[in-house]
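Asks: Turn this into a model:
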Amino acid sequence: METTNKLGRILMVEDDPKDVELSLSALEDYNLANEVVVIRDGEQALDYLYCRGEYASRSGENPAVMLLDLKLPKVDGLEVLSQVKSDPKLKLVPVVVLTSSKEEKDMVASYNLGVNAYVVKPVDFHEFVNAIKELGVFWAVINEPPPGSVRK
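Replies: Residues are numbered from 1 along each chain as shown. Predicted structure coming up:
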């Protein structure tokens, strides 16, 4: 599968090191891992998206997709989602909530804020890896990202 010239950058906001490691190895199977930016908390995610703090010097393109956990340190995922979807420069960034929460209130809140997809993390190792592969291939390769997104 030749994807190198059309890869979209994936911004993964996830604080669980095991989930990050599993996700990156799943994405590596499709050569997608080289364009994944991993961020461990909501505050850092906002710094990245707004090119401030340690990310002040990064180029300003938006990621092709953001995989967002809801249960994050510092600023929770719903707050990150709320800020992204209410900002004219960021609201077109596709956001996939990737969470262990099956709580209906989290799902409803996410959709009310404009999330593009809501995926409950499978507990089973193989199901989790397959879910990440499918998400990565769809959002970073198949889906046409909005203008201003990173394309290699």
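Asks: for the chain, where's the lowest mean pLDDT among helices and strands?
Replies: The weakest-scoring helix or strand in the chain, judged by mean pLDDT, DSSP states H and E, is helix 125-137 (a mean of 84).
Asks: Identify the residue nearest Ala117 in space, chain neighbours excluded?
Replies: Nearest residue to Ala117 in three dimensions, chain neighbours excluded: Val96, at 4.4 Å (C-beta to C-beta, 6 or more residues apart in numbering). For the C-beta atoms, the positions are set from N, CA and C on the backbone; glycine is no exception.
Asks: Which pLDDT value belongs to that neighbour?
Replies: On the pLDDT scale, Val96 is placed at 93.
Asks: which residues of this structure fall in helices?
Replies: For the chain, applying DSSP state H gives helices covering 17-28, 42-49, 77-85, 104-112, 125-137.
Asks: possible to save those helices as JSON lines with mean neighbour count and distance to Glu35?
Replies: Formatted as JSON lines, the helices of the chain follow (neighbours: other C-beta atoms under 10 Å; distance: least, C-beta to C-beta, whole Å):
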{"stretch": "helix 17-28", "mean neighbour count": "16", "distance to Glu35": "9"}
{"stretch": "helix 42-49", "mean neighbour count": "22", "distance to Glu35": "14"}
{"stretch": "helix 77-85", "mean neighbour count": "22", "distance to Glu35": "19"}
{"stretch": "helix 104-112", "mean neighbour count": "14", "distance to Glu35": "24"}
{"stretch": "helix 125-137", "mean neighbour count": "17", "distance to Glu35": "10"}
